[in-house]
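Visitor: Structural data only, the sequence is not supplied:
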DNA sequence: GGTAACTGGGTTTTT
DNA sequence: CCCAGTTACC
């Protein structure tokens, strides 16, 4: 009890009011760096102190890291199930509930959760049949990944296909009918094969909550629902929350509409703003005392922060004055890379670890040139965001093999696994899958039929793999299964990839991580819902003596902080990104993203603005609003930053006469035509 | 008929 | 770097 009193003691007045709020629904509007996590943890502790059973408290987050972090702080590590708060990401919680009642959802108990890449693969197989072939009538048809994006956008925002395409994907307007066909096929395919995608997890949970009989039972599981990062919910998640607490009692939502940066996956801060109209008795408590950044940084943050009627908030500095952000105008990208390195090294020599500094970029490729410069100067770094570990080709190969073992009816996995072998392309792979009749029990038993059908070379290679996977399927422990699968892949991978040693080492870590799960199925779900960022992510924390700079996308940096933050590429087209400017809402989101990036800095913030090199074509209207934002940011920067001009990399020559012309003249004189 | 190897154009952010 | 289209090989 004294320990829990301690949790409340460290809170400020606003935080304590939020943690101990009684009665109706509560919205905690928490600006960046205002101690929102601690407040939410304290609220959970307070609810327990009031006699609420921990297992009847539901905590919903968007990342597993956030869930683990809060659950670890809110409860003793070795507590029993009843003593434990029920928490996780929306998707993970949905999965637990659906898995526990699979039969009610007409799903096999071991249903497969497919990630967005798998969804795109399924759509790819449906494109031809629905008239989305390569180039149609001179127009490029949407790629499989784009189809999957559009599908998910429709589902997660509960919006008609035609509208989603018209507003977000105008170049796909001629293909709306074909897309509808693909989507119908996609849904049918998933249902036939017992597959569930990320959107389905939420849709199924919502359907159960809305059901006249199942709804009350599921609702009755919890007395309190705590939702973190509420500005990031999509339409389906908002509806799930509403169905969990229709009257609003016991509901606590924490969020900041100025930090909504996930519109591209269907999130919309208007759900947070709508809370007040959904619940007449909603209490709003603002957390505005910032314990992260110096006043210099917050001066800039507060002018960037968009304000919304009724939810205005301005951050106050609790950590003192500090330096004003420094805006470095650079001649070009190379100058920018040099300027960043110079400052990183200077701070390092002044005693700061590399880990205390981060470079945050809008798009993963914005750090390409910088990475070359860092390597040249021997500055170690780790990059977050961008390509994920599970997207690497060899990892997908391993996961496909594991899925074949876990669920032999998974033809997507079979397709990838078979094509891994030399000489086996789409056509042969399809034939093998048909011959094996993988949807029927015991497909491995029909391998001799498939073997007879294949050319000798291919039959031999695939045969070895299939035999091994049969062994894996019969193996007792998860660990044994994982190592057998790995062994099965050795030869095909060695034939395919030049750098087998590196890739195989990755897979050994993956197999080790999978071995820790109770079953292969659980390991696969875990990996789909929470893909590790890198191979080292799997191996636990890096060694303490390793010191490296962090490069991260602005999106991946959300919720994190560093003493020193560098923000490069602050130039039209990069920040704000011209990909985001097809709608006015996209422009607003770019501003919020910039706000998130700026508020990551504790002590020092460096902004770098190189001259713009190239430019995508933009409609006149877009260009207009674009310039407005740029002017706005420029104005903010002028008023709240120190501005310096970085000198160009080398002196600019100003020859008295045209040099190229003189060379040409000399050349011409060699063959006498000059 | 089917696969591999090459080429040229487009590239945001991720539970 | 991924995908679509082309070409050359079995």
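Guide: Okay, I see it. Since we're looking at a predicted model, the values are computed, not measured.

Visitor: any idea of the mean pLDDT in the helix or strand hosting residue A:417?
Guide: For residue A:417, the host element (DSSP states H and E) is helix A:411-419. The average pLDDT within helix A:411-419 is 88.

Visitor: For DNA strand C, tell me whether it is touching it.
Guide: No. With C-beta under 7 Å from any atom of the strand as the criterion, DNA strand C is not reached by helix A:411-419; the gap is at least 11.9 Å. (C-beta placed from N, C-alpha, C; glycine too.)

Visitor: what's the answer for stretch A:365-377, then?
Guide: No. Between stretch A:365-377 and DNA strand C, judged by C-beta under 7 Å from any atom of the strand, nothing touches; the nearest distance is 8.5 Å.

Visitor: which helices and strands does the helix or strand containing residue A:345 pack with?
Guide: Using DSSP H and E, residue A:345 sits in helix A:333-349. Of the remaining helices and strands, those touching helix A:333-349 by 3 or more C-beta pairs under 8 Å, 6 or more residues apart in numbering; DSSP states H and E are strand A:326-330, strand A:357-361, helix A:368-376, strand A:562-567, strand A:601-610.

Visitor: okay, the angle between it and strand A:601-610?
Guide: 160 degrees (axes from the mean of the first three to the mean of the last three C-alpha atoms, to 10 degrees).

Visitor: Tell me which residues of helix A:333-349 come out buried.
Guide: Neighbour-count burial for helix A:333-349, counted by 16 or more other C-beta atoms under 10 Å, picks out A:333-341, A:343-344, A:347-348.

Visitor: Run a quick neighbour tally on residue A:121.
Guide: Neighbourhood size, residue A:121 [other C-beta atoms under 10 Å]: 19.

Visitor: what separates it from DNA strand C, distance-wise?
Guide: 9 Å (C-beta to the nearest atom of the strand, to the nearest Å).

Visitor: Is that residue in contact with residue A:412, as I believe?
Guide: Yes. Using C-beta atoms under 8 Å, residue A:121 makes contact with residue A:412 at a distance of 5.8 Å.

Visitor: Now do the helix holding residue A:417: everything it contacts.
Guide: With contact meaning C-beta atoms under 8 Å, 6 or more residues apart in numbering, helix A:411-419 is reached by A:114, A:118, A:121-122, A:193, A:195, A:396-397, A:399-401, A:403-404, A:407-408, A:424-426, A:428-430, A:432-433, A:436, A:438-439, A:462, A:465.

Visitor: just the buried members of those?
Guide: A:114, A:118, A:121-122, A:193, A:195, A:396-397, A:399-401, A:403-404, A:407-408, A:424, A:428-430, A:432-433, A:436, A:438, A:462, A:465.

Visitor: Can you list which of those residues are found in strands?
Guide: A:114, A:195 (DSSP state E).

Visitor: Considering only the buried ones among the contacts of helix A:411-419, which also neighbour DNA strand B?
Guide: A:424, A:428, A:429.

Visitor: where are the low-confidence patches of the stretch 501-650 of chain A?
Guide: Counting by pLDDT under 70, the low-confidence segments of the stretch 501-650 of chain A come to A:533-545, A:612-634, A:637, A:647-650.

Visitor: For it, which segments count as strands?
Guide: Using DSSP state E, counting those that start in this stretch, the strands of the stretch 501-650 of chain A run over residues A:549-553, A:562-567, A:601-610, A:642-645.

Visitor: Compare the ones you listed and give me the one nearest DNA strand B.
Guide: strand A:549-553 (4.0 Å; C-beta to the nearest atom of the strand).

Visitor: from the chain's centre, how far out does the closest one sit?
Guide: 15 Å (C-alpha atoms, centre = their mean, to the nearest Å).

Visitor: What of stretch A:474-490?
Guide: The answer for stretch A:474-490 is 30 Å, by C-alpha atoms, centre = their mean.

Visitor: ok, now which ones touch residue A:588?
Guide: Residue A:588 makes contact with residue A:306, according to C-beta under 8 Å, 6+ apart.

Visitor: separation between it and residue A:352?
Guide: To residue A:352, residue A:588 is 35 Å away according to C-beta to C-beta, to the nearest Å.

Visitor: ok, the residue nearest to residue A:508 when sequence neighbours are not counted to DNA strand C distance?
Guide: Distances taken as C-beta to C-beta, 6 or more residues apart in numbering place residue A:486 nearest to residue A:508, at 6.8 Å, with adjacent residues excluded. Distance, residue A:486 to DNA strand C, by C-beta to the nearest atom of the strand: 22 Å.

Visitor: got it, and residue A:170?
Guide: Taken as C-beta to the nearest atom of the strand, the span from residue A:170 to DNA strand C is 20 Å.

Visitor: tally of neighbours for that residue?
Guide: Neighbours around residue A:170, by other C-beta under 10 Å: 11.
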